Structure formats: structure tokens, C-alpha cells
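[1] dropping a prediction and its sequence here:
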Amino acid sequence: MRSILYIVIFGLALLAVSGSLSAQGLNIGPLDSEFQAHMAAAQQAQQAQDYATAEKEYLALLKLDPGFAEIHMNLGLIYQLQGRDVDAIRQFRAALKLKPSLTGANFFLGVNYCRKGDGAAAIPHLKAAAAQNPQQVEILSWLATAQDLAGQRRAEVATLNRALELKPRNIDLLYLLGQAYERLGKQQVAGLKRSAPNSVRAEQLVAESYAASNEWPSAVIHFQNALAKHPDFPGLHVQLGEVYLRAGRLKQATAEFESELKQNPNNLRATVRRGEAKLLRGEIKDALQDWNQALAADAAQVKRILGISETGFGDAALEQLPDALHSRLDEAASAIKDDPSPAASLAVAFIASQKNQPGATISTLEQRSSPDGCLQSNINKLIESQRYSKVAACLSREPAMRIPPDLQLRVASALAQAGDYESALKMLDSLPPSQRQGPEAAYWRAKCFEKLATAAYLRLYQADPNSYRVHELLGDLAATRSDDAKAIEEYRAALALNSTAPNLHYNLGHLLWKGLSVPEARVELEAELKINPSHAGALHDLGNTYLLEHQPEVGLPYLKRAEVAEPNDPDIHRDLGTAYFQLKDYNKAEAEYKLALANDQDGSVHYKLAKVYQLLGKRAEADREFAIYTAMNQETHSKLEQRGRRLADIERPAE
């Protein structure tokens, strides 16, 4: 569950979404002056943050007119500011019973449901508030929060994009949009692993994740695994070659590009990458020949492959060559400085982008305005030759073009590779039912969502590169790469700029706990719980710090609260089992360990359960669990040893 994203300042929000109260137009007869006096006193007390007096005055007003919806709403607000959530919710409901369209009551009630983690209950109220105030970004932000809590990912993205139309440079909205796209991508990956765990696409996604994290030896292993499943699968050799290229293994990279071109001589990506490898190897003439051929086919796609059209925080970060190869770039630049060919201009732009030199011009490489005719019969030919940007251009000029069902998946993949991710997703959503949930569709959806997340983060970086959200993002990326020291540095930098931002204290505390800096971790985790008392991750980690010190009586309440927030998390059940084990409550430990078995990767939970059975005198059950543990543990160690040997072979210096 995502933490609550904004701290609502209810007094300001009230003015923003509900307007001021007045007794104008009320038929209250002789009590008019008394009503006005209570109203003035209530508003004065509210502004002075004298909530007890304000409550008293609003209750007096309700005695005079119990049907005044706005008074119920303001009384609910006073309760909210005092932390009396139950009373606040009751008053907001009373206000809406009298006036269902009351924006403020809908908004506050929706926020309360979000704070309780009930996104489904919050959504209708926040939608009603947004309908009455469509220009209020705060309402849309909370609606997106509710949709996230309810698991409505695509709706959340749509809401965040609506909000960004109003505030295009809002760093919080941009960060959350990137996060939403990331979760959508992970959802597709998880679904693919469940439905087709042994498929080439599932293995390919694992390889790509390692490549994106610069863990190139692990990426090589998984690309090799994918090729072992399907040696002729299109694109795998070129992706493996790209990994070798980024690692500076030019000979191995070139061999993979050649293998791809043997399968498909029209593979544009393999041709471009082979040219890049040749350029770095000093084979300038052959490199320019490859690039001239590629440019003639699809200049825009060539630039996309080389990362020239990406700047700043985007895909170009993944296209950077190791510093050790920069001297070869200098040699290549010297060799082509007087060459007027398009390929040489491309090489100049490529070298400039690799060396972060500003002002490199690539205007001579722009796509000609009159590509091949956009007849339906030509689309398949364009896809075959991987001229993907021309496919996208055709479909943008002919949006009504009917794509046959048997070609839709290939068109979607072409659009994705051309960078038109929204159109690709629409095409994937329109696939025939038999293909819509298949591995191919899941793979391309995952890729589209990943790229849209990157685009959102690029917009964030461009909006404010020194913001706390950029530091948070850099911390997230470092944590993904297991660079904990860098992640801690970035999270601390983010907290220095915004100490009340949700999740930051947790992210920092989690890494400190991971490094067993227990006192420091507790400070951060407790700070997170002050912002969001229901943060499952903070509750889980904090509970575990006490289990480490064999204080289960202190840790157990935190773990129970974590279970309420995330009842289906097997890791929480595992640690609840450990808490009960330390408390010698073996029956409860048994129940929790059984719930945790679903996520046991190495047999460790089976071992814990076996120990419980021993202490309960269930010898047969204990023997069974020990046997399962032994088998799983041996298999895990065997796989680790095999992986270690493969990594050593891959990392061995090239001849």
C-alpha cells in the first residue's frame, strides 16, 4: 500500500474546496442575530485554532438549525483537526446526507478513507468532489491516492495526467506518475512470471532488469538462458551484444550482432550496433558503411537506438559507454572530421552525446518528410525491415487505418520500439482476447510502462533537478542497484529539503535496518509512523528490530499492525511466526509459518516450521519439514554455486 501522499492542511483546504459559510438565505426568523453571533464566534475560534470553543459554537448552531449541511461539515473539520476521526467521519456523512454534492464534505470524507487505507470507499467521494471542482489539483491528487490504494492503476495514471494538465511542472505529481507506471510494469512482469514462468519473454525481462541496473554479468547469464530456450528468438542476440558493448567487450559484442544478422539481415538494431562496435574497434570504413545503410532505412530509429535523441535523465543514461572506451571515441572523431557523409555526421553526434558535449547538431539526420506510401499492404514490409518510426508516422497520418487482427501485435511492438508508447498500449488493449493476455502482449505492455515511467522521471528532472523528489528518485535508483551508501546519501539529501515527505524516512530507515544500524533505523522508522501510522513497511521493519534483540513482546504489536495493513504479505506472517516462537507460543507460530510457506525460496520457513513441530512433539511433521528444507537448501546452494562459476567465466578478462 502506498503511503498517504499529502498532509492536508484542513483550514486551507476548506477555503479552497468549500467556500465560506454564511447564514444568508436561511429562514431562521427571530433567531437570526443569535445564529450570526454563534457563527462569528465559531469562525473566530477556528481561525485562532481554539478548537474546543469552535466545537461548542458549531454544536450551538446545529441546535438552531440541524439541517444546515455546511455546519456539519465544519464541525467535522474541527473534529478532524483534533484527531477525532470517527466523530469527523460521522459529521461529514451527516453533511452529505443533507447535501450530497457538498464538495468539502466529499473531499474530507474521501481523505479520511484514504488515511484508513480504504481507497475503494474514498473513490466515489473524491470523484464527486472533483466533478464539482475539476480545477483543484489537490482533489485529483487524493483521488489518485485512493485509486492506488484500490489497485486501480490505469485509472490512477489517468487522474495524475489530468492533474498534470493543470500543473505540468508539479514535482510530486510527476514522481507519482513515474511510480504508477513502474507499478503497472511490475504488475505485467509478475503476471507473465505466473502465467509463463519458463517462457523466453519472462527470462528476457529478468535479463533486461539486470542490464538496466548495470549488473552486466548477471544480464549475460539470463540472456544466455533465454537463448538456450529459443536460439533463434528475434532480438536476443542483439540485446546480449548490447550488454557486452556496454561492458567494453567489443569482440563478444560484435559476434552477437553478427549472429543476429545471420538470422535476419534486415535487423536495423543489429546493423546500428555492429557499426558502433566497429567504430570503437577503429574499423571506421566498415562502421560508416553500416550506419549509411541504417540511415537510408530509418534515420529517426537509428538516432533512437543510439540514444542521440534522448537527453538528460532518460534512456541515454543506459547508452553510456565505459570511460575506458572514450579514448577510442577521440580516435574515431579524428578519423572522420573531414567526412561529409550522413554516417559521419551521425558519428559526430554520437561521440558528442557520449562525451556530454553540448551543441552537437544532428539536423542533417532528420527523417525525410516523404517516406514510403502508407498503404496497409506496406505496413508489414516496414515492420519486416524494422523501419519502426515510419510505421508510427504512417499510423499517425492514417489513424483510421484498419490493422488486421493477425498483425496488431506486431504493429504494437513496432510502435513501442518507435517510442509511441501510448499508441502501442491502445493497440495492445484492442488485441483479440486470445492474444491480449499472452506472454507477448504482457512483455510489450511492461516495456511501454517502463518507458513511460522514464519519461515521467525525465520531466521531473527537467522541472527541478535539485528538488527533494529528484534526490528521492536517485535514492530509489541506487537502492535498486544495491548501492546502499549512495541511496542513503540521496534520501538524506531529500529529507534535508523536505522532512515531512511520506516514505522518505521509511526508505532511509529500511536501508539503515538492512545494514543493522538499529538505533538510527528506529529513529527514521518511528518518524515515518508519525506521518503515516499505518505504513506497513515501517511497522514491519520496526517490529523486526526488536526481534533481533529478542524483545518479541515489544516487536509483536508492530508486526500485528503491519499485518492489518498488508494481510497477504507472507514475509510479515513469517516474522509473526518468529515473534510467537520467541514468546514460546508454538501453536500461533505454527499457524503463521504455514501462511509464510508460499514465499519460501530456500527452505528456511520449512526449517522454522520443523523446529516448531519438534517443540510441539509432532515428530513425523518435523521430519517431513526438515526433509523439505534439506532438499530446497541443497538445490539453492547448487544453483548459487553454478551461478558463481558462470559469473566467474563471464567476468574473466577477455583475450
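    Sure, I can see it. Because the structure is predicted, anything quoted here is derived from the model rather than measured.
[2] and the closest residue to residue 419 other than its chain neighbours, what element?
    Once flanking residues are discounted, residue 419 sits nearest to residue 304: 6.1 Å by Cβ to Cβ, 6 or more residues apart in numbering. (C-beta placed from N, C-alpha, C; glycine too.) Assessed by DSSP states H and E, residue 304 sits inside helix 284-306.
[3] now for that helix, which elements pack on it?
    helix 268-280, helix 326-336, helix 342-354, helix 388-397 (3 or more Cβ pairs under 8 Å, 6 or more residues apart in numbering; DSSP states H and E).
[4] could you check the angle that helix makes with helix 326-336?
    120 degrees (axes from the mean of the first three to the mean of the last three Cα atoms, to 10 degrees).
[5] give the buried residues for helix 284-306.
    Neighbour counts over helix 284-306 (16 or more other Cβ atoms under 10 Å) mark 284, 287-291, 294-295, 297-306 as buried.
[6] quick one, phi psi at residue 263?
    For residue 263, the backbone dihedrals (degrees, to the nearest 10) come out as phi -70, psi -40.
[7] now for it: which residues touch it?
    232, 234, 237 (Cβ atoms under 8 Å, 6 or more residues apart in numbering).
[8] need the strands for the stretch 151-300 of the chain, in chain order.
    Using DSSP state E, counting those that start in this stretch, no strands are found in the stretch 151-300 of the chain.
[9] tell me which of the helices and strands packed on helix 284-306 sits most buried.
    Among those, helix 268-280 has the highest mean neighbour count (mean count of other Cβ atoms under 10 Å), at a mean of 25.
[10] just the mean pLDDT for that one, thanks.
    Averaged across helix 268-280, the pLDDT comes to 95.
[11] so what does that helix touch, helix or strand wise?
    In terms of contacts (3+ Cβ pairs under 8 Å, 6+ apart), helix 268-280 is packed against helix 236-246, helix 250-263, helix 284-306, helix 326-336, helix 342-354.
[12] including distance to residue 175, could the ones you listed go into CSV?
    What follows is the helices and strands packed on helix 268-280, written out as CSV (distance: least, Cβ to Cβ, whole Å):
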stretch, distance to residue 175
helix 236-246, 27
helix 250-263, 35
helix 284-306, 25
helix 326-336, 33
helix 342-354, 26
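[13] out of the ones you listed, the one nearest residue 525 is which?
    Relative to residue 525, the nearest member of the helices and strands packed on helix 268-280 by Cβ to Cβ is helix 236-246, separated by 37.0 Å.
[14] which SSE is immediately downstream of the helix or strand of the chain with the lowest mean pLDDT?
    Every helix and strand of the chain was ranked by mean pLDDT, DSSP states H and E. The lowest is helix 10-17, at a mean of 39. Using DSSP H and E, the helix or strand that follows helix 10-17 towards the C-terminus is helix 32-47.
[15] you'd agree residue 605 is up against residue 597?
    Yes - with contact defined as Cβ atoms under 8 Å, residue 605 reaches residue 597; the gap is 5.5 Å.
[16] those two - which one has more neighbours?
    residue 605 (27 against 16; other Cβ atoms under 10 Å).
[17] so which helix or strand takes in that one?
    Counting by DSSP H and E, residue 605 is part of helix 604-616.
[18] now that helix: buried residues?
    Neighbour counts using 16+ other Cβ under 10 Å place 605, 606, 607, 608, 609, 610, 611, 612, 613, 614 of helix 604-616 among the buried residues.
[19] quick one, what contacts the most centrally placed residue in the chain?
    Residue closest to the mean C-alpha point of the chain, counted by Cα atoms, centre = their mean, is residue 182 at 2.5 Å. Shown in contact with residue 182 (Cβ under 8 Å, 6+ apart): 449, 450, 453.
[20] top of those residues by neighbour count?
    Neighbour counts for the contacts of residue 182 (other Cβ under 10 Å) peak at residue 449, which has 24 neighbours.
[21] what distance do you get for that residue to residue 404?
    For residue 449, the distance to residue 404 (Cβ to Cβ, to the nearest Å) stands at 26 Å.
[22] on that earlier part again, ChimeraX command for the buried members of the contacts of residue 263?
    Buried subset of the contacts of residue 263, written as a ChimeraX selection, criterion 16+ other Cβ under 10 Å:
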select :237
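[23] can you redo the contacts of residue 263 as JSON lines with pLDDT and distance to residue 569?
    Converted to JSON lines, these look like this (pLDDT from 0 to 100; distance: Cβ to Cβ, whole Å):
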{"residue": "232", "pLDDT": "92", "distance to residue 569": "41"}
{"residue": "234", "pLDDT": "93", "distance to residue 569": "38"}
{"residue": "237", "pLDDT": "97", "distance to residue 569": "40"}
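[24] take the contacts of residue 263 and write them to a markdown table, including distance to residue 53.
    Shown next, in a markdown table, are the contacts of residue 263 (distance: Cβ to Cβ, whole Å):
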| residue | distance to residue 53 |
| --- | --- |
| 232 | 79 |
| 234 | 73 |
| 237 | 76 |
